[in-house]
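Visitor: Here is my input, please return the structure:
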Amino acid sequence: MPCPFLGSLNQAFVRNYGAALMKQYGNYCPIISRGFRSLGQDETKCPFIQENSIVSEAPREMTEDIVDRSPYQYDKFFHDQINAKKKDYSYRVFRKVSRLAAEGAYPKALEGSANNRVTVWCANDYLGTSRHPAVQDAAVSAIKAYGTGAGGTRNIAGNSQMTEQLEAEIAKLHKKPAALIFSSCYVANDATLSTLGKLLPGCHIYSDAGNHASMIQGIRHSQAPKHIFRHNDPNHLREMLEASPIGVPKLVVFETVHSMSGAICPLEEMCAIAHEYGALTFVDEVHAVGLYGKHGAGIGEERGIEHMIDIVSGTLGKAFGNVGGYIAGSSLLVDTVRSLAPGFIFTTALPPPVLAGSLASIRLLASEEGRTLRAKHQAMVRYLKLSLLVAGLPQLPSVSHIVPVPIKGADKVALVAESLMKRGHYVQAINYPTVARGEERLRFAPGPHHTPEMIDQLVTALTEAFHENNISFNQFIKNGACRECSMEYKFDVMYEEPYKLPLAA
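Guide: All right, here's what the predicted structure looks like:
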């Protein structure tokens, strides 16, 4: 006996979709619904369907829902992502550059498979301490005495005496009761901010718009309410803090020296505003430690206001010439981060040669020799800034040791960097996401081991590279003033006070 329902339908339709129809509409059939409810049978166990040759002879795959079980095309996805980066010129090619440490060779490097010698202009080993004999000897001695590795986390493998000596030296440098070292300053910023933001009840975080990715990541991980104030704008910070909840913990987070623009924040004013509203200050001195202040403690020391910084973060991997990061602050705060920050607890400790090399480097830069290195460093910075100005080449206003040369367009800045490499000068093109699109640049960081002759050669090569790639540049400077930023350079001051330039017109 044919089913009164299916029998009225087109046979081809029933062959393909009969079982699916029963699954969807079976509850309306007195036989299927009764059997399914009382006996727990499958809804397709209907005598009409079983006896219907049209359905029973149909291939199984035609009576079931079709499921695509093919694997996800991972390689295609990754290929498309990389292709997109290449199309907008933000794909990064790591140059094969091996910096030389031998006396008389630094700041040269071997580039490419042919080992061509080039002068390095963009390394953050600002003072060349990574190749200083005292730092090298300390690292080699530590390897011979203790080996190359730490053996695990500090909790499991043990807390070496050198670790404690280094943390005590960092605390002394920043005039703080305690310090804590991490595998990098990225980890130090991320771990500290995420831990404090989660731990402090109801904490609000106020972040400078120009903050480094490590601080942004730490704030995100904290899941605390965040408020972003305009870069180095104390008035905007005050406006935000005035509207802040009363009686809740607050963190104000910013950098002293901005890594890509060379700007230096109004440190005293920003700290004073933060404290006025009961906030702790978290100040990143990564691009300042080793370079500013009598002992190389950074902008806080140079301006005599270390006491206004509640938590300072710094790096061992730039001016100190090694690797690793740290925070310094009150004993209770540092111990809290030490005890609760996953980024510290579950990370392998810094190895003996890094600990010994960092300790030697901090002591070196706190000495008279360190002050001599900083003076030579600033002399080369001033000479490069003035040489670019005289040549009519563009430069963004920078009051620090970082000299940014703007070249709009990721394609253009890459071409100029390649032209410089051909002429024996290595500087990395900076583009998105390190800077915003349209704000591409070359970032020069001359050091005390560069010479005026090297800088003269660089400026000549840069001028040729601009011409070679049809980039107009002499419109940026006219009569000592920068058309782009309405700032005026005063040549007599440039040689005396490098930190105060450029001056407002």
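Visitor: What number of residues are in the vicinity of the closest residue to T451 other than its chain neighbours?
Guide: Among residues not flanking T451 along the chain, M380 sits closest, at 7.9 Å (CB to CB, 6 or more residues apart in numbering). To be clear about C-beta, it is placed using only N, CA and C from the backbone, and glycine gets the same treatment. For M380, the neighbour count with other CB atoms under 10 Å is 21.
Visitor: and if you look at S244?
Guide: 16.
Visitor: is it fair to say R117 lies in a helix?
Guide: No - assessed with DSSP: H, G, I helix; E, B strand; the rest coil, R117 is strand; it does not lie in a helix.
Visitor: Can you tell me how far the residue lying closest to it once chain neighbours are set aside is from V286?
Guide: Counting by CB to CB, 6+ apart, R117 lies nearest to K108, which is 5.2 Å off, once chain neighbours are set aside. K108 sits 26 Å away from V286, going by CB to CB, to the nearest Å.
Visitor: Quick check on those two: which one has the bigger neighbour count.
Guide: The neighbour comparison of K108 against V286 (other CB under 10 Å) goes to V286, with 25 against 18.
Visitor: Distance check, the more buried one against E439.
Guide: Look at V286 and E439: by CB to CB, they are 20 Å apart.
Visitor: measure R374 to V413 for me?
Guide: Distance, R374 to V413, using CB to CB: 30 Å.
Visitor: between these two, which one's more packed in?
Guide: Neighbour count, other CB under 10 Å: between R374 and V413, V413 has more, with 25 against 22.
Visitor: Surely the more buried one forms part of a helix?
Guide: Yes - judged by three-state DSSP, V413 forms part of a helix.
Visitor: Now do the same contact list for it.
Guide: V413 makes contact with I407, A429, I430, N431, E440, R441, L442, according to CB atoms under 8 Å, 6 or more residues apart in numbering.
Visitor: and if we set it to 7 Å?
Guide: For V413, the contacting residues are I407, A429, N431, E440, R441, L442, by CB atoms under 7 Å, 6 or more residues apart in numbering.
Visitor: One more: G447?
Guide: Going by CB under 7 Å, 6+ apart, G447 touches P107, Y126, L127, G128, H377, M380.
Visitor: try 10 Å this time
Guide: When contacts are counted by CB atoms under 10 Å, 6 or more residues apart in numbering, G447 touches 106-107, 120-121, 123-129, 319, 373, 376-377, 380-381, 401.
Visitor: In three-state terms, label it for me.
Guide: Recorded secondary structure, G447: coil (three-state DSSP).
Visitor: for the chain, longest helix please?
Guide: For the chain, the helix with the greatest residue count under DSSP state H is helix 368-391.
Visitor: Heading C-terminal from that helix, find the next helix or strand.
Guide: strand 403-406 (DSSP states H and E).
Visitor: Report all helices and strands that that next one contacts.
Guide: On a contact count with 3 or more CB pairs under 10 Å, 6 or more residues apart in numbering; DSSP states H and E, strand 403-406 meets helix 368-391, helix 410-422, strand 429-430, strand 441-444.
Visitor: if you set the cut-off to 6 Å instead, what comes out?
Guide: Here strand 403-406 touches strand 441-444, going by 3 or more CB pairs under 6 Å, 6 or more residues apart in numbering; DSSP states H and E.
Visitor: May I have the strands that pair with the strand it packs on, each with its orientation?
Guide: Here strand 441-444 is paired, per DSSP bridges, with strand 403-406 (antiparallel), strand 429-430 (antiparallel).
Visitor: from these, which stretch is densest packed?
Guide: Neighbour counts (mean count of other CB atoms under 10 Å) averaged over each of the strands paired with strand 441-444 peak at strand 429-430, with a mean of 23.
Visitor: List the contacts of that one.
Guide: For strand 429-430, contacts defined as CB atoms under 6 Å, 6 or more residues apart in numbering pick out V413, A414, A417, R441, R443.
Visitor: Just the mean pLDDT for that strand, thanks.
Guide: Predicted confidence along strand 429-430 averages 93 (mean pLDDT).
Visitor: what about it, distance to the chain center?
Guide: 14 Å (CA atoms, centre = their mean, to the nearest Å).
Visitor: in which helix or strand would I find the residue lying closest to S222 once chain neighbours are set aside?
Guide: Leaving out its chain neighbours, the residue that sits closest to S222 by CB to CB, 6+ apart is G197, at 2.4 Å. Here G197 sits within helix 185-199, counting by DSSP H and E.
Visitor: Kindly report the same for V337.
Guide: Using DSSP H and E, V337 falls within helix 331-340.
Visitor: Name the residues that touch the helix or strand that that helix is followed by?
Guide: Note on helix 331-340: by DSSP H and E, the next helix or strand toward the C-terminus is helix 342-345. Helix 342-345 is contacted from outside by F182, V187, D190, A191, using CB under 6 Å, 6+ apart.
Visitor: Max pairwise distance over the residues you listed: which two?
Guide: Spatial extent of these (CB to CB) is set by the pair F182 and D190 at 9.1 Å.
Visitor: Low-confidence regions, this structure specifically.
Guide: Counting by pLDDT under 70, the chain contains low-confidence residues at 1-67, 474-505.
Visitor: try it again with 50
Guide: For the chain, the stretches with pLDDT under 50 are 36-44, 54-55, 58, 61-63, 475-505.
Visitor: what residues are up against K96?
Guide: Contact partners of K96, counting by CB under 6 Å, 6+ apart, are G112.
Visitor: Report the separation between it and K85.
Guide: Noted for K96: a distance of 20 Å to K85, by CB to CB.
Visitor: Show me the protein divided up by domain.
Guide: For the chain, the structural domains run 6-62, 133-365, 370-504, going by automatic domain parsing.
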